[in-house]
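Chemist: this one's structure only:
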């Protein structure tokens, strides 16, 4: 008697009978050169004794402000990477809650003399101030990586990897701001970009310009540019606002324009100030306000609605990748490579996810 098996049973029997045929289909067992991938993936026997020759790698990461929490995820990322490769990570930085490159340089001058250090990671907010550090490290055979802030003039720039956010990421906020205006049904008004070039932070200036250009481009694409007054100052680097009294500066800006419907702030000085200005002028939920970084003030403002959105620099990557880059240079001889961490746009709907794994 001929039996007819259900289709599912046939398929199950086929899989049980010849599992290896499916599992190995297209599999690659060894390199074209004849060596084993498993063997080639192992760490070099000399890696753990690089430079310090003490049986393990030790990397130091030094930042210009460990006192305000921004770099906490950077330190977490560096620690996570160190755990993966079995390296000791020294977490160092200025104790100040504000930028303190002088103290950072003091720490760097000390740590570069430490005979146990096998690799050095540092932020470089003060352009031109780190060449002696690089020179001293390279003289000792210690590889260097930079993270977060970028110094394009640093000694041996092409040979030093950099992990950080390119200012062009601010365009994400500019595009989101225009979408917010459309979603709210706002058809006209002023969009302002308070900032200060007096702070000397070229990165922030470039962020403002990128966000401004994105707003103009998005409004033009929507056929609405003529209905709005988009103002980022005469050079498109921001409307000059006193960084020593940014809240009153932004409040005055709002009151002088009278029709502000959108605003963007490009750093951790003007974003909390924008938040307070929005609340003080009664514009909460009525305008599209975007800023930078995801510190406690920004997170609270996103929850309250005083801030519509904020861009994070994905700082976990700014700690994780430079550790791995130094390791690859030591273990594999891989040349320095850069990583653009881009940006994470966080809104009221998604702010609850921030920091769940210490990543922001």
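Modeler: Yep, that arrived. Keep in mind it's a predicted model, so treat the numbers as computed, not measured. Numbering: from 1, shown residues only.

Chemist: can I assume residue 190 sits in a strand?
Modeler: Yes - counting by DSSP: H, G, I helix; E, B strand; the rest coil, residue 190 is part of a strand.

Chemist: That one reaches residue 227, doesn't it?
Modeler: No - using CB atoms under 8 Å, residue 190 is not in contact with residue 227; the gap is 10.9 Å. Quick note: C-beta positions are derived from backbone N, CA and C, even for glycine.

Chemist: ok, these two, which is more surrounded?
Modeler: Per other CB atoms under 10 Å, whichever of residue 190 and residue 227 has more neighbours is residue 190, with 19 against 13.

Chemist: Need the pLDDT of the more buried one.
Modeler: For residue 190, the model assigns a pLDDT of 98.

Chemist: all strands of the stretch 51-200 of the chain, in order?
Modeler: 58-63, 88-93, 119-122, 144-147, 161-164, 189-192, 194-195 (DSSP state E, counting those that start in this stretch).

Chemist: so what's residue 170 up against?
Modeler: By CB atoms under 8 Å, 6 or more residues apart in numbering, the contact set of residue 170 is 206, 207, 208, 210, 211, 214, 264, 266, 292, 311, 343.

Chemist: Please narrow these to those residing in helices.
Modeler: 206, 207, 208, 210, 211, 214 (DSSP state H).

Chemist: give me the number of residues near the closest residue to the last one other than its chain neighbours?
Modeler: Using CB to CB, 6 or more residues apart in numbering and skipping the chain neighbours, the partner closest in space to residue 214 is residue 174 (2.8 Å). The number of residues packed near residue 174 is 27, by other CB under 10 Å.

Chemist: so who does residue 174 touch?
Modeler: 210, 211, 212, 213, 214, 215, 217, 218, 264, 290.

Chemist: could I get the contacts of residue 170 as TSV with pLDDT and neighbour count?
Modeler: Shown next, in TSV, are the contacts of residue 170 (pLDDT from 0 to 100; neighbours: other CB atoms under 10 Å):
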residue	pLDDT	neighbour count
206	93	16
207	95	31
208	97	29
210	98	22
211	98	32
214	98	21
264	98	33
266	95	33
292	94	28
311	97	28
343	93	21
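
Chemist: Out of those residues, which comes closest to residue 283?
Modeler: Of all these, residue 264 has the smallest distance to residue 283: 14.2 Å, by CB to CB.

Chemist: Across the sheet, point out what pairs with the closest one.
Modeler: residue 290 (DSSP bridges).

Chemist: Does it touch residue 193 like I think?
Modeler: Yes - in this structure, residue 264 is within contact of residue 193 by CB under 8 Å, at 5.1 Å.

Chemist: can you tell me which residues contact the nearest residue to residue 91 once chain neighbours are set aside?
Modeler: In space, and not counting its chain neighbours, residue 91 is closest to residue 75: 4.6 Å by CB to CB, 6+ apart. Counting by CB under 8 Å, 6+ apart, residue 75 makes contact with 61, 66, 91, 319.

Chemist: if I look at residue 75, how far off is residue 267?
Modeler: Using CB to CB, to the nearest Å, we find residue 75 at a distance of 21 Å from residue 267.

Chemist: do residue 64 as well
Modeler: Taking CB to CB, one finds residue 64 at 14 Å from residue 267.

Chemist: Let me know the pLDDT of residue 20.
Modeler: 51.

Chemist: And residue 8, by the same measure?
Modeler: What the model reports for residue 8 is a pLDDT of 44.

Chemist: Grab the nearest non-local neighbour of the residue most central in space within the chain.
Modeler: Closest residue to the average C-alpha location of the chain: residue 313 at 2.6 Å, with CA atoms, centre = their mean. Spatially, and ignoring its direct neighbours in sequence, residue 313 is nearest to residue 165 (4.4 Å; CB to CB, 6+ apart).

Chemist: Contact partners for that neighbour?
Modeler: By CB under 8 Å, 6+ apart, the contact set of residue 165 is 313, 314, 340, 341, 342, 343.

Chemist: quick one: which of the residues you listed is nearest residue 360?
Modeler: Closest to residue 360, out of all of the contacts of residue 165 and judged by CB to CB, is residue 314, at 7.3 Å.

Chemist: Now do the closest one: how many residues are near it, please.
Modeler: Residue 314, neighbours per other CB under 10 Å, totals 23.

Chemist: Same question for residue 140.
Modeler: For residue 140, the count of nearby residues is 14 (other CB under 10 Å).

Chemist: pretty sure it contacts residue 50?
Modeler: No - Residue 140 is beyond contact range of residue 50, at 11.8 Å (criterion: CB under 8 Å).

Chemist: circling back: which pLDDT value belongs to the residue nearest to residue 313?
Modeler: pLDDT, residue 165: 94.
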